[in-house]
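**Student:** Next one to model:
(chains A and B)
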Protein chains: 2
Amino acid sequence: MSETLLSPGQLEAALRAIGEERYHNRHPFHRALHDGRLSRTQVQAWALNRYYYQARIPAKDATLLARLPTAELRREWRRRIEDHDGDAPGTGGVARWLRLTDGLGLERDYVESLDGLLPGTRFAVDAYVHFVGERSILEAIASSLTELFSPTIISERVSGMLRNYDFITQDTLAYFTPRLTQAPRDSDFALAYVKTHACTIPQQQAVLAALRFKCGVLWSMLDALDYAYVEPGLIPPGAFRPV
Amino acid sequence: MSETLLSPGQLEAALRAIGEERYHNRHPFHRALHDGRLSRTQVQAWALNRYYYQARIPAKDATLLARLPTAELRREWRRRIEDHDGDAPGTGGVARWLRLTDGLGLERDYVESLDGLLPGTRFAVDAYVHFVGERSILEAIASSLTELFSPTIISERVSGMLRNYDFITQDTLAYFTPRLTQAPRDSDFALAYVKTHACTIPQQQAVLAALRFKCGVLWSMLDALDYAYVEPGLIPPGAFRPV
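**Tutor:** So this is what the prediction gives:
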């Protein structure tokens, strides 16, 4: 880990190197999901657990929004909530995620109840929401930078899942299409913010640690899924059980 | 799940039934640990991660202490912090846990740095600290009730580990001896409090959910350890790697 002051370009390179090492596209569960090696019920478990992440993203963004000091920053960040919650019932990212769980045959009431969630999913997602409320604004913004890497994973996900699963259609994957343009727009802003505002070694180290933290959130969600539903397949008491 | 008002005795029985189903003595990692089926480095990984739980318990108890309304309740709860932090350097539960990590050959600076922690451990433990700060005092107290079940697991742990591992001695297990008397004293208080104060169906349901939540904290810590260090043995980027 570098302990010297980095130029903005070097900081960006260090952030991208963290993604290379730690982003969850390198996780075996991700590979299995996209390569068509999962059963329909394993894909259900993924969509059900990932729903909680989607559903809490507006809370995460609102937690940060409440702490931002200027209207300019708040307008920028507010757009993320609009993207996820939409402008009318049935619109926005959370609603589009429910089209995926619908398409997989999960009862919507069950999904929204969160009853079948893995504890590991809940704790990881809640850790993210708490992080943006407790850390500096710079760290909170930096923790969103996994979106730098998401267009790649989304492309892999959509093409791999359409090709490999007959129970997946373009419509059930509607969540992902707008993300291909939203995520780069959001991460462009966050990256520019971080490169401008991380001016000291401690700030730069905190920014890098924030991205490592966030990679850990996403990675540990796949750890929990893989452990419960693939290998060794030990489902914790109370969590979703395929019927 | 019962939706009728329970008598205090029925509430206790319902709490004990949750322990029967969900307490982490039923987890395969616990069984492997005590049956001597783990390597020294796997036991190191357990002790290193469990250290974070021990180290945050005083923060958990202080978070609740700050919210308790009477000196009587605060005196009762303060004793827990005294048990864990001791009265002098080298005393108390956290210091005794470090004798275990010392005895297993882990560098103390490394253990205390938390650098090698599994993300799943961090998120589960932090979820517990947040829970007692955010939920009702009744739920916060109820979440401590896993101690009802801990004397059994401690006896199994001490005898099993002494019998099965030549790198474990009575001295390195010094953490556990005082817990055999502290845990029942603490859980007697918490159980009596809950039986007296959970007077409505929603309160009783919240108490039962709080204990389920806490069982999920402990269970998911073992999920993360088992996944990373036993099967499939996929250690997340940045976490402790046996040398």
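**Student:** ok, and the closest residue to A:Leu117 other than its chain neighbours, which helix or strand is that part of?
**Tutor:** Computed as Cβ to Cβ, 6 or more residues apart in numbering or on different chains, the closest residue to A:Leu117 that is not its neighbour in sequence is A:Tyr52, at 5.6 Å. For every residue, glycine as well, the C-beta is placed using N, CA and C. Using DSSP states H and E, the element containing A:Tyr52 is helix A:40-65.
**Student:** residues near the nearest residue to A:His84 once chain neighbours are set aside, how many?
**Tutor:** Distances taken as Cβ to Cβ, 6+ apart place A:Gly93 nearest to A:His84, at 4.3 Å, with adjacent residues excluded. Applying other Cβ atoms under 10 Å in any protein chain shown, we find 23 other residues in the vicinity of A:Gly93.
**Student:** Same check on the one 4 residues further on?
**Tutor:** When neighbours are counted by other Cβ under 10 Å, A:Trp97 registers 22.
**Student:** separation between it and B:Gly9?
**Tutor:** Counting by Cβ to Cβ, to the nearest Å, the separation of A:Trp97 from B:Gly9 is 44 Å.
**Student:** in the helix holding A:Tyr52, what's buried?
**Tutor:** Using 16 or more other Cβ atoms under 10 Å in any protein chain shown as the burial criterion, the residues of helix A:40-65 that qualify are A:42-65.
**Student:** thinking A:Leu114 is in contact with A:Tyr52, fair?
**Tutor:** Yes: under the criterion of Cβ atoms under 8 Å, A:Leu114 makes contact with A:Tyr52 at 6.1 Å.
**Student:** Could you name every residue contacting both of these two?
**Tutor:** A:Arg122 (Cβ atoms under 8 Å, 6 or more residues apart in numbering or on different chains).
**Student:** Just give the nearest non-adjacent residue to A:Ala224, would you?
**Tutor:** According to Cβ to Cβ, 6+ apart, the nearest residue to A:Ala224 is A:Gly120 (3.1 Å).
**Student:** who's in contact with the one you found?
**Tutor:** A:220-221, A:223-224, A:227, B:120, B:123-124, B:220, B:223-224.
**Student:** Please repeat the previous calculation with a cut-off of 6 Å.
**Tutor:** When the contact criterion is Cβ atoms under 6 Å, 6 or more residues apart in numbering or on different chains, the partners of A:Gly120 are A:224, B:120, B:220.
**Student:** which secondary structure element contains the first one?
**Tutor:** Assigned by DSSP H and E, A:Ala224 belongs to helix A:201-229.
**Student:** Next, the angle helix A:201-229 makes with the helix or strand of chain A with the lowest mean pLDDT.
**Tutor:** Comparing helices and strands within chain A by mean pLDDT, DSSP states H and E singles out helix A:150-164 as the least confident, with a mean of 91. Using axes from the mean of the first three to the mean of the last three Cα atoms, to 10 degrees, the inter-axis angle of helix A:150-164 relative to helix A:201-229 is 20 degrees.
**Student:** ok and helix A:150-164 relative to helix A:40-65, angle-wise?
**Tutor:** If you take the same axes, to 10 degrees, helix A:150-164 sits at 160 degrees to helix A:40-65.
**Student:** If you count neighbours, what's buried in helix A:150-164?
**Tutor:** With burial defined by 16+ other Cβ under 10 Å, the residues of helix A:150-164 counted as buried are A:150-151, A:153-154, A:156-158, A:160-161.
**Student:** Could you tell me which residues of chain A lie near chain B?
**Tutor:** Residues of chain A lying close to chain B (Cβ under 6 Å from any Cβ of the partner chain) are A:21-22, A:119-120, A:123-124, A:126-127, A:216, A:219-220, A:223, A:227, A:231-232, A:236-237.
**Student:** Could you list which of those residues belong to helices?
**Tutor:** Those of the residues of chain A next to chain B mapping onto helices are A:21-22, A:119-120, A:123-124, A:126-127, A:216, A:219-220, A:223, A:227, per DSSP state H.
**Student:** which among these end up buried?
**Tutor:** Neighbour counting by 16+ other Cβ under 10 Å classes A:22, A:119-120, A:123-124, A:126-127, A:216, A:219-220, A:223, A:227 among those as buried.
**Student:** possible to save those as JSON lines with pLDDT?
**Tutor:** JSON lines is the format used below for those (pLDDT from 0 to 100):
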{"residue": "A:Arg22", "pLDDT": "97"}
{"residue": "A:Pro119", "pLDDT": "98"}
{"residue": "A:Gly120", "pLDDT": "98"}
{"residue": "A:Phe123", "pLDDT": "98"}
{"residue": "A:Ala124", "pLDDT": "98"}
{"residue": "A:Asp126", "pLDDT": "98"}
{"residue": "A:Ala127", "pLDDT": "98"}
{"residue": "A:Gly216", "pLDDT": "98"}
{"residue": "A:Trp219", "pLDDT": "98"}
{"residue": "A:Ser220", "pLDDT": "98"}
{"residue": "A:Asp223", "pLDDT": "98"}
{"residue": "A:Tyr227", "pLDDT": "98"}
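**Student:** That concludes my questions; thank you for your assistance.
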